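**Q** Predicted coordinates and the sequence they were generated for:
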Amino acid sequence: MTVKTRSTSSSIPGTCCDARTTTPRRRSPRPRRSGRPGHRDGLVTRRRALTGVAGAAGLLALGACGTGGSTGSGAGSGSGAATGAGGGSASGGSGVITVGSKGFSESWINGELYAQALRARGYEVDLKTNVGSAELIDAAQQSGQIDLYPEYTGVIVMTLAGEEELMDTGEGTYDFARRFEADRGVTVLNATPFENKNAIAVTRDFADQHGLRTIEDLRGIGDFTYSTYPENVSGGQGYDAIVAAYDLPNMGLQTLSIGLNYQALEKGEIQAADVFTTDPQLLRSDLVVLEDTKNLFGFQNVVPCLRTDLLDRVGDDVPELLDTISSLMTLEAVQAMNSASAINRLDPAQVAQRFLEANDLL
Amino acid sequence: MSGFAPAGDPVIPDYGDVSQCVANNDLFCADWFAAQWPEVFQPALLEHILMTVLAIAIGFVISFLAAVLAYRKRWLTAPIGVTATILYTLPPLALFQLLVPLTGLTLLTVEIALVCFTLVILFRAVLSGLTGVPEDVKRSARGMGMDQGQILRRIELPLAIPSIISGLRIATVLTVSIATIAAFVVDSGLGSPILKAISSPFNTQFIGAGALAVLLAFALDALLTLLGKALTPWTKARS
């Protein structure tokens, strides 16, 4: 079965999935990016269930480590509690920086970039990959188990802060995220030039035929079919919301596992598809991404989130290094790295290592 | 001071070409596997061996002491057995995750869980090996003037070896398998490449890591069998 769906699934690494099964925040749950491509795949479904278990445990961890680690000063003691088994007396805290990454490939690579570059500067780094969704990894950071991890600005605003109104600009989103995190003892450094968010793509032929440039242009072109993953029909950025926001009664719906979008587009079975902007498959196919003039999809640049108390125990070279890495994370660079993972099937650590070497950071 | 990092001018490394096999996600791409062996699969295999051997060694020490204790004080058999059984029936993943709050995302968490699963098998194997020693053999040992400790060391334990070894074999194969789930807690072992390929299925990665786990289980099983034979030369002579 997997043989047939390979091209399908190769899109996953580019997607940004906070397995958002758990956030019935206020009225609108905004299941943004809850989509892991290939949800219907038994394995993936199982995996999500597992992540759920991990979630519960991780939140417990918050309590346990909060109390356990409160004797020392801040992050030092916290991470000591969390990593105590391996690190022993990490609570003194000078050396070890604990880096985390979320549950998908783009984040794994990002975590490796931070970890390997910091190691090259002589810091002892403990990398915890695949910690889980935004809520989980945030809880781990708040409890001091993780010092640093890459997060998407829009996810901070929508998921962690629970904001319903999105900001109009990437800068506004960034500023909100920075202020929100600063109040919680987390410093947000510079944002990456690239962002990874949902977008609507159509084939170039279809775009030329109807003169499409923005999502608004889809209005009145006659009936056509849009596809998204099954979890993204309702919710703030789902099919329903797009139809409502852009007034597109002519847009029909077909749900497909994410990777299948591309094949279906090329075969003409659907005319528009929900894609992720850093998906390597987007590069390979001749597709046009329609501009989101109403800002339904928000802004999703990556920022290094680090515990502010970490800054006190490391040199200025740490934020400088992270800023350098962020500035190198352009859309092209991230697409290339995602592609190395999804297409070349390299390990996230290998992808990051070669990128850092090429840019003289190792 | 903060804001958007000015777009730098990244040098994008050449990640190389993809073979047709990898592009098609064929069943097994030997070229890819060979290329990834030194950096991905070999370290994962070594980590897996370490995780397994450590868990079996610790589990064996605990089970052995518990079994000898239960052998001496028979009333302890039921409580120890029930405790070990309860630990054994916990779903491995749930146990891993329940331990995370206490011991963090660490190898310690993994080892505690793995050891828990070996206990019931090893405890029962050692105990049934000891209780299986014929009463008349023990009587003759006592008749030769041996005390309780001597009987244990020189009579009961050697005769229990076949049972202990068979318990170790089952526990080892089980641990090799369960240790793949450890990747949910630490990025280590053969579960790690499997886990990383789940969200983006790639057959070679599943089959490569899976086959290594199977081969490892066979190899450790064979080693234990040989060890059992070496430790009980009399069984060979007898047959």
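**A** Arrived safely, thanks for sending. Residues are numbered from 1 along each chain as shown, chains lettered A, B, ... in the order given.

**Q** Give me the contact list for the strand or helix carrying residue A:340.
**A** Residue A:340 belongs to helix A:331-342 when assigned by DSSP states H and E. The contact list for helix A:331-342 (CB atoms under 8 Å, 6 or more residues apart in numbering or on different chains) reads A:10-14, A:105-106, A:108-109, A:192-196, A:277-283, A:346-348, A:350-352, A:354-355, B:10, B:12-13, B:15, B:200. From N, CA and C alone the C-beta is placed, and that goes for glycine too.

**Q** Ok, stretch B:154-164 next?
**A** B:122, B:125-126, B:128-130, B:132-133, B:137-138, B:141, B:146, B:228, B:231-232, B:235.

**Q** Point out the other helices and strands that the helix or strand hosting residue B:96 packs with.
**A** Per DSSP H and E: residue B:96 is located in helix B:92-103. In terms of contacts (3 or more CB pairs under 8 Å, 6 or more residues apart in numbering or on different chains; DSSP states H and E), helix B:92-103 is packed against helix A:42-68, helix B:107-131.

**Q** Mean pLDDT lowest where, among the ones you listed?
**A** Looking over those, mean pLDDT reaches its minimum on helix A:42-68, with a mean of 38.

**Q** ranges for the strands of the chain?
**A** If you meant another chain, say so; for now it's chain A. A:96-100, A:124-128, A:148-152, A:186-188, A:198-203, A:224-228, A:251-255, A:272-276, A:287-290, A:302-307 (DSSP state E).

**Q** who wins for proximity to chain B among these?
**A** Taking CB to the nearest CB, strand A:124-128 is the member of the strands of chain A nearest to chain B, at 5.1 Å.

**Q** And the closest one, what does it pack against?
**A** With contacts taken as 3+ CB pairs under 8 Å, 6+ apart, strand A:124-128 sits against helix A:75-87, strand A:96-100, helix A:105-120.

**Q** Check the burial of the residue lying closest to residue A:207 once chain neighbours are set aside by counting its neighbours.
**A** Leaving aside its chain neighbours, residue A:207 sits nearest to residue A:288 (4.2 Å; criterion: CB to CB, 6 or more residues apart in numbering or on different chains). Residues lying near residue A:288 (other CB atoms under 10 Å in any protein chain shown) number 16.

**Q** Spit out the contact partners of residue A:288.
**A** Residue A:288 sits in contact with A:201, A:202, A:203, A:204, A:207, A:212, where contact means CB under 8 Å, 6+ apart.

**Q** The last one contacts residue A:218, correct?
**A** In other words, residue A:212. Yes - if you go by CB atoms under 8 Å, residue A:212 and residue A:218 touch, sitting 6.6 Å apart.

**Q** anything in contact with each of the two?
**A** With CB under 8 Å, 6+ apart as the test, residue A:212 and residue A:218 both reach residue A:290.

**Q** Which of the two has more residues huddled nearby?
**A** residue A:218 (24 against 21).

**Q** can you give me the helices in chain B?
**A** Assigned by DSSP state H, chain B shows helices spanning B:20-24, B:30-36, B:42-72, B:77-89, B:92-103, B:107-131, B:135-143, B:148-150, B:157-178, B:191-198, B:203-231, B:233-238.

**Q** okay if I get those helices as a markdown table plus mean neighbour count and distance to residue A:340?
**A** Shown next, in a markdown table, are these (neighbours: other CB atoms under 10 Å in any protein chain shown; distance: least, CB to CB, whole Å):
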| stretch | mean neighbour count | distance to residue A:340 |
| --- | --- | --- |
| helix B:20-24 | 15 | 12 |
| helix B:30-36 | 16 | 13 |
| helix B:42-72 | 19 | 19 |
| helix B:77-89 | 15 | 42 |
| helix B:92-103 | 21 | 30 |
| helix B:107-131 | 23 | 29 |
| helix B:135-143 | 12 | 66 |
| helix B:148-150 | 11 | 63 |
| helix B:157-178 | 21 | 31 |
| helix B:191-198 | 23 | 13 |
| helix B:203-231 | 17 | 15 |
| helix B:233-238 | 9 | 55 |
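
**Q** Tabulate these (JSON lines), appending distance to residue A:142.
**A** Converted to JSON lines, the helices of chain B look like this (distance: least, CB to CB, whole Å):
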{"stretch": "helix B:20-24", "distance to residue A:142": "40"}
{"stretch": "helix B:30-36", "distance to residue A:142": "36"}
{"stretch": "helix B:42-72", "distance to residue A:142": "30"}
{"stretch": "helix B:77-89", "distance to residue A:142": "32"}
{"stretch": "helix B:92-103", "distance to residue A:142": "14"}
{"stretch": "helix B:107-131", "distance to residue A:142": "20"}
{"stretch": "helix B:135-143", "distance to residue A:142": "61"}
{"stretch": "helix B:148-150", "distance to residue A:142": "55"}
{"stretch": "helix B:157-178", "distance to residue A:142": "31"}
{"stretch": "helix B:191-198", "distance to residue A:142": "25"}
{"stretch": "helix B:203-231", "distance to residue A:142": "34"}
{"stretch": "helix B:233-238", "distance to residue A:142": "60"}
